[in-house]
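**Q** mind looking at a prediction? Sequence and model below.
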Number of protein chains: 2
Amino acid sequence: MTRPCSLFAATHERALRAALHRHLPAAAQAEPRLVAALAQGAAHPGKLLRGRLVLAAAHRHGLGARRASKIACAVEYFHTSSLLLDDLPCMDDAVVRRGQPCVHRRHGEATAILAALALINRAYALVGEALVTQPLRVRARAVAWLDRSLGLAGLVGGQAWDLAFARSTRSPALVSRIAAGKTGALFVLAVQLPATLARPSRAEQRALDALCIYWGQLYQIADDLSDVTACTAVSGKTSGRDRQLARPNLAVALGSARAQARLVRLSGQAERALTTLRARGGGRWDYLWELHAALVRLPAAHVEAQHHAA
Amino acid sequence: MTRPCSLFAATHERALRAALHRHLPAAAQAEPRLVAALAQGAAHPGKLLRGRLVLAAAHRHGLGARRASKIACAVEYFHTSSLLLDDLPCMDDAVVRRGQPCVHRRHGEATAILAALALINRAYALVGEALVTQPLRVRARAVAWLDRSLGLAGLVGGQAWDLAFARSTRSPALVSRIAAGKTGALFVLAVQLPATLARPSRAEQRALDALCIYWGQLYQIADDLSDVTACTAVSGKTSGRDRQLARPNLAVALGSARAQARLVRLSGQAERALTTLRARGGGRWDYLWELHAALVRLPAAHVEAQHHAA
């Protein structure tokens, strides 16, 4: 089903899915289990929200289709690698992911770890290749965004606090901080990495920064609500784990009603940032409105899917 | 004790050790266990062979001291991250590394994995920062070497075959292939990454490629001999694990005498490649002779250390 908006066009999805296979780590005489694990990731890529966003953004900001799809794949590979590792027994000990047995359940823990490493390495190579002819300033900012989004101030830092959560006071504030690090960081990367190509003004950059914070929290709350309310068959991953494992979950920490109210507030804040971007940048940031509309629909979609499955 | 040769100068070691701390992944409000795990890695950095080589090479090929030390740290961080992961229970299940309890034994498996990720991420950022002003061709080749050395054709691919080894025919040929992927790959990176700065001619590049293959195998055999002959207290890591775990070890596969003979042959082959480089490049590759001398001394040093400890 093709939606009328471009970000979710079926042609984009097909192009992205093909690129995810094409750019996979590969080598002559590669070890078969590792190859199978990597293929599983590419065959079940999830909603591709981040990849679609990067593809549309990079293209809008002047990158050719081939290079744009390289950065889109890179962000998806970073995302998949984080899921492979999050699902490990020593982390979330999950069983199901994207409707499939987790990679470590099917191919072993060591293979899941190596697949994650291979994806990370490939992702850096793809970004390097895609941006190699860009001006120094764009490349320097891209390096800084990768460092910040994926390192201790981002994805890895968020996951570390996530694991420490059970030993903590479990405050809603800490839950928000974890969400900002863990889920927010990859949204930041998906927005900011292609945005470097547009050389945003200071005002645009501030609005982009704010937008990323709101979106990251919005997405995490939607995900947390789905963990609390949806069943495993609908969400495509092991549900109800957060409460069970004393994991940070805002829908648990605040209650579903307050979490829903926070979603509405975050949505309003994000829209103000988007309005600023439209005022400052003309149409060049309009692809962000489309993603916003999709993010706001997410919790409703979860509830609806659960209703149909019941 | 300062050795007369520059590669092993105490000033280089001090500079490297300080840089390893300075460039560590960091963030405001970072999770304490993760910070402790990263600090442990920097406090016990091993022999720093790769870092010394990169530092000397990058400097020789015109990079300033600050940028040279960034690439040197990057290669050491890639190395440390691979050790953190190799030592995990699902991989080699090691207990001791660099004379310390392994990071996962002290801080938990999840923290060891996150520390490895943080180091990899930081390493890519450091390379990106160090090379950002280099010409397009140098940067493009650096991206390609990172991809090749760390991915399925290199470190990750070698580790995957290493884990599959116990299920295989355990042939000396497979052992050599694993060594080329696993240990060789980081030598390749330590030689080739700074060498891109020199824009080597085709003949120089061929000689560099050959040298890397010989050195990788030479170093792995030296390490395998030490696993067979040295005790844990001397080697600084859990010894005798290879035979116990049916792991690929050339000293086990060939016997110590034949492994020693192969060392001598590889040393001769490496010297021929070095001679070609001297003939083609004048003095600009001479730092490689110094590393060669150190590599050739390694097995003797192991035996000597064991003799003193006995």
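**A** Cool, got the structure.

**Q** so what's A:Glu304 scoring on pLDDT?
**A** With respect to pLDDT, A:Glu304 has a value of 48.

**Q** output the below-cut-off pLDDT ranges for the stretch 101-250 of chain A.
**A** Along the stretch 101-250 of chain A, the parts satisfying pLDDT under 70 run over A:230-239, A:245.

**Q** near chain B, which residues of it?
**A** Listed as neighbours of chain B in the stretch 101-250 of chain A under the rule CB under 8 Å from any CB of the partner chain: A:108-111, A:113-114, A:117-118, A:120-122, A:124-125, A:128-129, A:132-133, A:136, A:139-140, A:142-144, A:146-147, A:150-153, A:156-157, A:159-161, A:163-164, A:177. To be clear about C-beta, it is placed using only N, CA and C from the backbone, and glycine gets the same treatment.

**Q** in contact with the residue positioned nearest the centre of chain A, which residues?
**A** The centroid of chain A falls nearest to A:Leu186 when counting by CA atoms, centre = their mean (4.7 Å). If a contact means CB atoms under 8 Å, 6 or more residues apart in numbering or on different chains, then A:Leu186 has A:Arg50, A:Val75, A:Phe78, A:His79, A:Ser82, A:Ser149, A:Leu155 as its contacts.

**Q** repeat that with 6 Å
**A** A:His79 (CB atoms under 6 Å, 6 or more residues apart in numbering or on different chains).

**Q** same question, the one 4 residues further on
**A** The neighbours of A:Ala190, taking CB under 6 Å, 6+ apart as the test, are A:Arg50, A:Leu53, A:Val54, A:Val75.

**Q** from B:Thr183, how far off is it?
**A** Computed as CB to CB, to the nearest Å, the A:Ala190 to B:Thr183 distance reads 36 Å.

**Q** any idea how far A:Leu49 is from chain B?
**A** Separation of A:Leu49 from chain B (CB to the nearest CB, to the nearest Å): 22 Å.

**Q** please apply the same query to A:Gln260.
**A** 28 Å.

**Q** so which bits of the one helix or strand that residue maps to are buried?
**A** Following DSSP states H and E, one finds A:Gln260 within helix A:256-281. Of all the residues in helix A:256-281, those buried under the rule 16 or more other CB atoms under 10 Å in any protein chain shown are A:Ala259, A:Arg262, A:Leu263, A:Leu266, A:Gln269, A:Ala270, A:Ala273, A:Leu274, A:Thr276, A:Leu277, A:Arg280, A:Gly281.

**Q** isn't the fifth one up against A:Tyr214?
**A** Yep, that's A:Gln269 we're talking about. Yes - with contact defined as CB atoms under 6 Å, A:Gln269 reaches A:Tyr214; the gap is 4.7 Å.

**Q** one step back: now the residues of the stretch 101-250 of chain A next to chain B: which count as buried?
**A** Among these, those classed as buried by 16+ other CB under 10 Å are A:109-111, A:113-114, A:117-118, A:120-122, A:124-125, A:128-129, A:139-140, A:142-143, A:146-147, A:150-153, A:156-157, A:159-161, A:163-164, A:177.

**Q** so which of those are in helices?
**A** A:109-111, A:113-114, A:117-118, A:120-122, A:124-125, A:128-129, A:139-140, A:142-143, A:146-147, A:150, A:156-157, A:159-161, A:163-164, A:177 (DSSP state H).

**Q** OK, contacts around A:Ala116?
**A** Taking CB under 6 Å, 6+ apart as the test, what A:Ala116 contacts is A:Ser81, A:Leu84, A:Leu85.

**Q** including secondary structure and pLDDT, could those go into TSV?
**A** Putting these into TSV (DSSP: H, G, I helix; E, B strand; the rest coil; pLDDT from 0 to 100) gives the following:
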residue	secondary structure	pLDDT
A:Ser81	helix	97
A:Leu84	helix	96
A:Leu85	helix	96
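
**Q** how about the helices of the stretch 1-150 of chain A, start to end?
**A** For the stretch 1-150 of chain A, the helices defined by DSSP state H, counting those that start in this stretch cover A:10-22, A:32-43, A:49-60, A:65-86, A:103-107, A:109-131, A:136-150.

**Q** so what does the third one touch, helix or strand wise?
**A** Counting by 3 or more CB pairs under 6 Å, 6 or more residues apart in numbering or on different chains; DSSP states H and E, the packing neighbours recorded for helix A:49-60 are helix A:10-22, helix A:65-86, helix A:184-195, helix A:287-309.

**Q** what's the domain layout of chain A?
**A** Domain assignment for chain A, taken from automatic domain parsing, gives A:1-133, A:135-310.

**Q** so how far is the first one from its chain's centroid?
**A** This points to domain A:1-133. Its chain's C-alpha centre and that of domain A:1-133 lie 11 Å apart, by CA atoms, centre = their mean, to the nearest Å.

**Q** got it, and the last one?
**A** On the basis of CA atoms, centre = their mean, domain A:135-310 sits 8 Å off its chain's mean C-alpha point.

**Q** tell me the phi and psi of A:Gly46?
**A** Dihedral pair for A:Gly46: phi 80, psi -160, per degrees, to the nearest 10.

**Q** no wait, A:Leu88
**A** The phi/psi pair for A:Leu88 (degrees, to the nearest 10) is phi -60, psi 150.

**Q** to what extent is A:Ala166 buried, counted in neighbours?
**A** Look at A:Ala166: counted by other CB atoms under 10 Å in any protein chain shown, it has 11 neighbours.

**Q** which non-adjacent residue is nearest it?
**A** Using CB to CB, 6 or more residues apart in numbering or on different chains and skipping the chain neighbours, the partner closest in space to A:Ala166 is A:Ala246 (4.3 Å).

**Q** what's the distance between A:Ala294 and A:Ala273?
**A** In terms of CB to CB, A:Ala294 sits 16 Å off from A:Ala273.

**Q** cool, A:Ser256 as well?
**A** 26 Å.

**Q** now do A:Leu48
**A** With distances defined as CB to CB, the gap from A:Leu48 to A:Ala273 amounts to 23 Å.

**Q** tell me which residues of the longest helix anywhere in chain A come out buried.
**A** In chain A, with assignment by DSSP H, the single longest helix is helix A:202-229. Residues of helix A:202-229 classed as buried by neighbour count (16+ other CB under 10 Å): A:204-205, A:207-208, A:210-229.

**Q** which strands or helices does it pack on?
**A** Here helix A:202-229 touches helix A:172-182, helix A:184-195, helix A:250-254, helix A:256-281, helix A:287-309, going by 3+ CB pairs under 6 Å, 6+ apart.

**Q** how about a cut-off of 8 Å?
**A** helix A:172-182, helix A:184-195, helix A:241-244, helix A:250-254, helix A:256-281, helix A:287-309 (3 or more CB pairs under 8 Å, 6 or more residues apart in numbering or on different chains; DSSP states H and E).

**Q** which other helices and strands contact the shortest one?
**A** So that's helix A:241-244. Using 3+ CB pairs under 8 Å, 6+ apart: helix A:241-244 touches helix A:202-229.

**Q** run the last query once more with 10 Å
**A** The criterion is 3 or more CB pairs under 10 Å, 6 or more residues apart in numbering or on different chains; DSSP states H and E, and the helices and strands that helix A:241-244 contacts are helix A:202-229, helix A:250-254.

**Q** ok, now the fifth one?
**A** Helix A:256-281 makes packing contacts with helix A:172-182, helix A:202-229, helix A:250-254, helix A:287-309 when contacts are defined by 3+ CB pairs under 10 Å, 6+ apart.

**Q** and the third one, what does it pack against?
**A** Packed against helix A:250-254, as judged by 3+ CB pairs under 10 Å, 6+ apart, are the following elements: helix A:172-182, helix A:202-229, helix A:241-244, helix A:256-281.

**Q** among these, which comes closest to B:Tyr287?
**A** helix A:172-182 (41.4 Å; CB to CB).

**Q** how about the closest one: buried residues?
**A** Of all the residues in helix A:172-182, those buried under the rule 16+ other CB under 10 Å are A:Leu174, A:Val175, A:Ser176, A:Arg177, A:Ile178, A:Ala179, A:Ala180, A:Gly181, A:Lys182.
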